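Chemist: A structural model of the following input is requested.
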Amino acid sequence: MLRLRALWSICILSVLSRMGGAVSAQAPASPTFEVASVKPVKREVPLPKPLNCTFPARGRFTGFGDLRWLVACAYGIPAARDRQQIVGAPKWVDDELFEIEAKSSADDTPAFTVPQGLLMVRTLLADRFKLAVHRETKEEPTYALVMARRDGRLGPQLHQTAPDCAAWIAGGRSGAPPPVPGDLPCGRQAVSAFAFRSTAMTLSQLANLLSPRVERPVQDQTGLTGTFALDLQWRPEQDAPNAGLPDSLPTSIFTALQEQLGLKLESTKGAVDLLVIDHVEHPIEN
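Modeler: Residues are numbered from 1 along each chain as shown. Predicted structure coming up:
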């Protein structure tokens, strides 16, 4: 997932040709961590720790998850859409877990930025996993998230984020969060296999969460801006693994979207940005 910082050292070597005085430049060096550890982790159920791809401190990176998760993080692909947008991966990329710890040098730390850190994560994956990728754009079946009603009315479980909550988030979440209706605090969300609940979610974020559930990329075309309080729930067709859910819930996420949020998914085709894995290997031992 996320890559560390470290100043990007751009070395341009000017070599004057005796014959014509022409100047040639060497390609910029790839940014790298000073120290990095990659360890395989035995998969257990439940996982020994949450999936992670963060910079917990300036110049430091920690990652935990399968390689697809880490690649998605490094290349800025929403985790909920990694299976739609990362293609060509062997099976072990999804099956095996890895823990990564990395840090940049003290000299690079003061100038570290997250974009530089992500570049360093990419370099780390290329070095330790021999990862080689390229990008493609293809026309693929997709869904458009649109309004279900012609009059534009929202469903009963979709509302604009409460003004006080929206202002608190826009102000940097300083101080205690303001009270909001329901049991979720302002700015929080709860996502499970059969429910999305939030007090402040954009509809583009909702579209990303829908993608793996409907097995296609989903693009927000509602035209609605800002954040929303929403409560979307549906019931699996087989009740046994999810005992306790109300029988009144629809078994289709498509139906739940219309009845609860006043939105619907329209089948269409669109340009999808893909990250194609050309080569990958199990990591080099530390």
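
Chemist: for the most centrally placed residue in the chain, what are phi and psi?
Modeler: Among the residues of the chain, the one closest to the centroid is P78, at 2.6 Å (CA atoms, centre = their mean). The phi and psi values for P78, taken as degrees, to the nearest 10, are phi -50, psi 130.

Chemist: residues contacting it?
Modeler: A72, N208, S211 (CB atoms under 8 Å, 6 or more residues apart in numbering). To be clear about C-beta, it is placed using only N, CA and C from the backbone, and glycine gets the same treatment.

Chemist: tell me the secondary structure for E266?
Modeler: strand (DSSP: H, G, I helix; E, B strand; the rest coil).

Chemist: just to be sure, A80 is in a strand?
Modeler: No. Going by three-state DSSP, the assignment for A80 is helix, not a strand.

Chemist: ok, now how distant is it from K264?
Modeler: 19 Å (CB to CB, to the nearest Å).

Chemist: what is the burial count for A144?
Modeler: If you count neighbours by other CB atoms under 10 Å, A144 ends up with 17.

Chemist: tell me which residues in the helix or strand that contains it are buried?
Modeler: Assigned by DSSP states H and E, A144 belongs to strand 132-147. For strand 132-147, a neighbour-count test (16 or more other CB atoms under 10 Å) marks V133, T142, Y143, A144, L145, M147 as buried.

Chemist: got a list of what D273 touches?
Modeler: With CB under 8 Å, 6+ apart, D273 has these contacts: Q85, R135, E136, T137.

Chemist: same thing but at 7 Å, please
Modeler: Residues near D273 by CB atoms under 7 Å, 6 or more residues apart in numbering: Q85, R135, T137.

Chemist: what's the angle from the helix or strand hosting it to strand 132-147?
Modeler: Counting by DSSP H and E, the element that carries D273 is strand 263-279. Inter-element angle recorded for strand 263-279 and strand 132-147: 180 degrees (by axes from the mean of the first three to the mean of the last three CA atoms, to 10 degrees).

Chemist: and strand 263-279, what's its mean pLDDT?
Modeler: Averaging pLDDT along strand 263-279 yields 95.

Chemist: show me how far that strand is from its chain's centre.
Modeler: Centroid separation for strand 263-279 versus its chain: 15 Å, with CA atoms, centre = their mean, to the nearest Å.

Chemist: quick one: strands adjacent to it?
Modeler: Strands adjacent to strand 263-279 in the sheet, as given by DSSP bridges, are strand 86-87 (parallel), strand 132-147 (antiparallel).

Chemist: can you list the ones you listed in a markdown table and add distance to L158?
Modeler: Formatted as a markdown table, those follow (distance: least, CB to CB, whole Å):
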| stretch | distance to L158 |
| --- | --- |
| strand 86-87 | 30 |
| strand 132-147 | 11 |
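
Chemist: for the residue lying closest to R135 once chain neighbours are set aside, give me its contacts.
Modeler: Excluding its sequence neighbours, the residue lying closest to R135 (CB to CB, 6 or more residues apart in numbering) is L275, at 6.0 Å. Shown in contact with L275 (CB under 7 Å, 6+ apart): Y75, I77, Q85, I86, V133, R135.

Chemist: now do the same contact list for the residue lying closest to the third one once chain neighbours are set aside.
Modeler: What it means is Q85. Leaving aside its chain neighbours, Q85 sits nearest to I77 (5.1 Å; criterion: CB to CB, 6+ apart). When contacts are counted by CB under 7 Å, 6+ apart, I77 touches Q85, I86, L275.
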